[in-house]
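Enquirer: Structure of the sequence below:
(chains A, B, C and D)
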Amino acid sequence: MKKILTPLLVVALLATVATILLSMAKKDSPIVIVKGNLYKKPLPIKLNKTNDTQCAMLIKSEKNAAEVIDSDGRTWFFDDPGCMVLWLKDKKWKDKATLWVHTIDTNRWIKAKDANFGVTDHSEMHYGFGARERGSSKTISFKQMQLRVLRGETMANPKWRKKLLSIKQDGE
Amino acid sequence: MIEVKNLNKIYSSFSGDVKVLSDINFKINDAELTIIEGVSGSGKSTLLSIMAGLEKPTSGEVVIDNDSIAKLPDIHISRLRASTIGMVFQNFNLIENLSSLDNVLTPLIALKTPLKEAKYLAENALKVANIEHQKNQVVSKLSGGEKQRVAIARAIVANPTLLLCDEPTANLDYKNSKIFLELITKLSKKGITIVIATHDPIFKELELNYSLIMIKSGQILSKEQING
Amino acid sequence: MGDLLLNSYEIVYLSSEVITTIFAAILFTLSLKLLFGWDINRSTKEQYYLEKVAYLASTLALFLFWVKTILYIYLVYTLDELSIYIAGAMCAAGVVSANSYGLWLLGIKAISLFLLLLWMVLNSYDLEQKNYPIFKKKIVLLIFISLFILLEGWLNYSYIVNIDTSLPVSCCSTLFGNLEGENPLPFNLNTISLIILFFLLFIAFELSLLIDSKLTTLVVTPLFLVLSYYSVVYFFGTYIYEVPTHNCPFCMMQKEYNYVGYILWGTLFFGTSFAIIWASVALWLKQEYRVLKKLALILIAIFVALNSSYFMLYYIKNGVLL
Amino acid sequence: MLNNSFLHFLALSFFTNKKRFSGILVVSFFILLLLSSTLFISSSIKGSLKKSLNYQPDFIIQNIKAGESFVASSRWREKLLKIHGVIAVNGRVYGRFFLDKKISFLVIGIDFFSKQTNENLDALVNKIDLKEFLSKENMLVGASVKKYLNSHYYKDSYNFLTPKGEFLKLNIYKELPNSSGLVSQDVVITTKDLAKKILGLSSNEVSDFALSVPNPSERENIRVKIESLFFGARVVTKEDINKKIASLYDYKGGVFLILYLIVIFAFSLILYLRYTIATSIERKEIATLRAVGWSIKDVIKLKLLENLTLIFISFSLAIIASYIFVFIFDAPILRAIFLGGDSLSLNLKFKPYIDYGLISTIFIIYLVTYLATTLIPIWRIAISDPKEVLR
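Expert: Sure thing, here's the model as predicted:
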């Protein structure tokens, strides 16, 4: 009995190791985090291959995307400034982080803290904040945007949506 | 073979320590009958319960079949008590509201004997002790003599090699004591090692060879061989 | 303090856990006493008393094992019941993730059950010998276990008190669905290689037990445990739910699925635990507990058969795979 | 581990010591009976409420003022109907009519010609002769209302004093059948116009709107749309109501449970005393067993199993008895405590609704407290020196 079983066991073990090695050879996981970005410059996002860490969606366009870089060079990617704010909420190092957003008016990366945010824009997760390089009377600062996201005063809330849209209509 | 070596037992109480046994040494060979004689309070009862592992000595040891029983873990002493040591007490110590048969079963349950086999063994033991006719009777309804015979049946049910009897005849009348003597004779002839602690003169009537150990205030006075 | 605390299930769960925590505290002090007071060579009254205390310790361990096992099942059931109160939760998965203590609690509970099992085997070995050969070692383990259970008591409290009913949590599909586009499986496996590996490891597991190869068992069992978890969640589970995208270890414990999750996770847990305990005790103490081996063989066979039967029944009924 | 001779002895020791166990058996039986009866009642009520909820509309739209649901304008209806995916928008008229401090009726106004939002009502309306019912000012009343009116000498009609200070006399057309459970006990059903008069609503006002959304995956979307339609609107979904009822009755069950935990605590004290002061006979018995070769482990095993047997027996007896008590005899005395003595909703019959989670809950409290109290005393008895007792 044992004479038959032992070779069988060896075969099974070898096959196990082979299967593991074979599948480890391939690599196709999407990017969640990039390490070693010590210059703290915004990295180009590999579209459809990078995950938003907060909402777990694939990032399909750089428009209005955002990046967070920790002091040790770790970089995270977001498809909506709102996601970035929510993700940073309980990080201890949030004040030391470098934050980037991709603007919708000039189409380039700027520091999030310098950006102006529209409140009724189209954004990936429907918070409605579009990053702009140029401010106007209708835009708000990063601090205000952050507060609104954390309070839930965004286009994602139906009552606020109605209110925000009606003010806009009155103004125009 | 049983060897008692340098056995001491001290009871501690508020009023100070009482030395119940001091420096007891003796050997009992297999199939031997030994009678330990002494007045009540001389320590013979304590000696017997230390030999059965029911009590721990203060110092010294009792060696049964190469095991020093005071040092054995509870499971092993218990197993020894169930399989190789039978005990008969002065007060019989039966479970009063169980039948004779069920009382005799108790050591076998500790030995995990299957019920069918256990019942067969128990009935045999009752037969040997001449009490089989009362096997379904509740113990509390039996007479003293009958109880003693159930107790003996219980002591021998697991085929022990050693039988310890603590004042077995103290609660029996003359007639029942005689029956007990006959039983002891029968068992001794079967090759069981028997130790009896007693101060009953009736054991003088035994028609067997035995060694007599006299004990007084926890010390051995004399050891002698008696031919009956 | 959530308004959850007045739910009947939770009151019962918490008060029972309080009792086990008290007993763990007793066990802890007893084991300390045993560790420092024990000296088999002495024939003092204290030593004889400690021999009896050791029985109390093993009785308490037995009690803790059974009560903890029952309470584990009960906890999962309770979490499932609670899911209706918590915004977003569809099953226990959401409730577990309602705060950071939940998963820790479930994990620590499983580990302490495993350790209690191991301890009971070691204890029965120790008592069967004539000179308590591993007494101190087993007591150290017992101290460790009681500390674990005390930690569990604290986690229980922190977990339940910190469930906020108003805060939305994720339901199982987001928790186990993972990042979009990401492969949740270990070693970068795909589903087919996962299942091949699962069956290969199953064969290796059973064979290593059958030919008494303890070292192989010790290597294969943890691997099998991990792979089984993923196979059930990401493959067999979809056949239990009959939904290709439903990946959840908890929903299968609901009534809709005939509570099959309890049997699956139970057989897996006890099967692998028995195998590991059998192999390590046999290697360490040279004492084979064949009952454990047999149980491990049978439980894991049931586990695999049950999983495969869901898969096969689906195929027979529908003629296609998910 | 357990062989048949051990079980034989266990059974013997259990049945020959009936007297020793019977006291505990009786006390624990009654504690468990009370506990399981209350929990049965609470789960039965919860169960029948949940069942009636299945007939409720998917959404209820309330107008919120001062934090309370307020009368809504019937003009909302048009706007609601315009939302894609919404069907059967119904302005509902209902409210409590207070006779005095304690007694109130739930007045419901329905449109007898259209389909009802509630399937229970639908079945009801189909059974009555509408022509006859609508020819006069009639009402349908629940069993409790009928009973109350009868006892106050209103044989076939009642004079409602409306908020405007006018009397409105409605004839009792029929008593509602009892099958609809708890919700129908204290209702008065009449036409919408009459109900509005009784409740003091003007003709263009309704209590709230009920609507249904047939596609479940659309519900979240539509909820958002409705909430942004009117600033004062609150959408209550069927699930919200479900949750509320569940927590309400869990809360009631929870309070009782805490009381029983206290009782069980007291019970465990008794048990503890019983085991620490073991009778001399019991001690002698154990000493005897130890003397004939039982180990400490064996004795602990015997005692634990004795107690487990006791737990199982008393538990199963109590569960069966409380099932009979609650679902066959309708739990006299207890129901008054549970439902409140002055409520009009006392006339219901408990529907058997067995919740296995509940039964295991009861079992776990009992098992854990019982074992926890007896564990250490059992050990104490088991380790007591056999020599001491055998003297």
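Enquirer: which regions of chain C sit below the pLDDT cut-off?
Expert: C:1-6, C:87, C:166-168, C:171-183 (pLDDT under 70).
Enquirer: which residues of it fall in helices?
Expert: C:8-37, C:45-82, C:92-96, C:101-128, C:135-161, C:172-177, C:191-210, C:214-231, C:237-241, C:260-285, C:290-318 (DSSP state H).
Enquirer: Mind giving me the packing neighbours of the fourth one?
Expert: Read it as helix C:101-128. For helix C:101-128, the elements it packs on are helix C:45-82, helix C:92-96, helix C:135-161, helix C:260-285, judged by 3 or more C-beta pairs under 8 Å, 6 or more residues apart in numbering or on different chains; DSSP states H and E. For every residue, glycine as well, the C-beta is placed using N, CA and C.
Enquirer: which residues does residue 127 contact?
Expert: No chain in the question, so chain A it is. A:80, A:81, A:82, A:149, A:154, A:155, A:156 (C-beta atoms under 8 Å, 6 or more residues apart in numbering or on different chains).
Enquirer: my bad, chain C
Expert: B:73, B:75, C:58, D:297.
Enquirer: coming back round to it: looking at the helices and strands packed on helix C:101-128, spot the one closest to residue D:165.
Expert: helix C:45-82 (49.8 Å; C-beta to C-beta).
Enquirer: Does the closest one reach chain B?
Expert: Yes - between helix C:45-82 and chain B, judged by C-beta under 8 Å from any C-beta of the partner chain, the touching residues are C:45, C:48, C:51, C:52, C:55.
Enquirer: If we go by neighbour counts, what in that helix is buried?
Expert: By neighbour count with 16 or more other C-beta atoms under 10 Å in any protein chain shown, helix C:45-82 contains the buried residues C:47-48, C:50-65, C:67-82.
Enquirer: State whether residue B:214 is indeed within a strand.
Expert: Yes - using DSSP: H, G, I helix; E, B strand; the rest coil, the assignment for residue B:214 is a strand.
Enquirer: unless I'm mixing things up, it is touching residue B:220, no?
Expert: Yes - at 7.1 Å, residue B:214 counts as touching residue B:220 under the criterion of C-beta atoms under 8 Å.
Enquirer: Looking at those two, which is more packed in?
Expert: residue B:220 (20 against 16; other C-beta atoms under 10 Å in any protein chain shown).
Enquirer: unless I'm mixing things up, the more buried one is touching residue B:47, no?
Expert: No - assessed by C-beta under 8 Å, residue B:220 is found out of contact with residue B:47, at 9.7 Å.
Enquirer: Give the residues shared as contacts by these two.
Expert: residue B:24.
Enquirer: Out of the contacts of residue C:127, list just those in helices.
Expert: B:75, C:58, D:297.
Enquirer: Count the residues that sit near the nearest residue to residue C:289 once chain neighbours are set aside.
Expert: Distances taken as C-beta to C-beta, 6 or more residues apart in numbering or on different chains place residue C:278 nearest to residue C:289, at 5.8 Å, with adjacent residues excluded. For residue C:278, the count of nearby residues is 27 (other C-beta under 10 Å).
Enquirer: Pull the contacting residues for residue C:278.
Expert: C:209, C:214, C:217, C:288, C:289, C:292, C:293, C:296.
Enquirer: again, only this time at 10 Å
Expert: By C-beta atoms under 10 Å, 6 or more residues apart in numbering or on different chains, the contact set of residue C:278 is C:121, C:209, C:212, C:214, C:217-218, C:221, C:288-297.
Enquirer: and the gap between it and chain B?
Expert: 22 Å (C-beta to the nearest C-beta, to the nearest Å).
Enquirer: for the stretch 151-300 of chain D, what spans make up the helices?
Expert: Remark: helices assigned in the stretch 151-300 of chain D by DSSP state H, counting those that start in this stretch are D:192-199, D:219-227, D:238-276, D:280-291, D:296-323.
Enquirer: Reformat those helices as JSON lines; add distance to chain B and mean pLDDT.
Expert: Listed next are these as JSON lines, based on distance: least, C-beta to the nearest C-beta, whole Å; pLDDT from 0 to 100:
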{"stretch": "helix D:192-199", "distance to chain B": "74", "mean pLDDT": "84"}
{"stretch": "helix D:219-227", "distance to chain B": "64", "mean pLDDT": "78"}
{"stretch": "helix D:238-276", "distance to chain B": "19", "mean pLDDT": "75"}
{"stretch": "helix D:280-291", "distance to chain B": "5", "mean pLDDT": "88"}
{"stretch": "helix D:296-323", "distance to chain B": "5", "mean pLDDT": "92"}
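Enquirer: wait, which of those helices is closest to chain C?
Expert: Closest to chain C of the helices of the stretch 151-300 of chain D is helix D:238-276 (C-beta to the nearest C-beta; 3.8 Å).
Enquirer: before we move on, back to that, pull out the buried residues from the contacts of residue C:127.
Expert: For those, buried by 16+ other C-beta under 10 Å: B:73, B:75, C:58, D:297.
Enquirer: how about the closest residue to the last one other than its chain neighbours, what does it touch?
Expert: When the adjacent residues along the chain are set aside, residue D:297 lies closest to residue B:75, with 6.3 Å between them (C-beta to C-beta, 6+ apart). For residue B:75, the contact set (C-beta under 10 Å, 6+ apart) comprises C:55, C:124, C:127, C:128, C:129, C:130, D:295, D:296, D:297, D:298.
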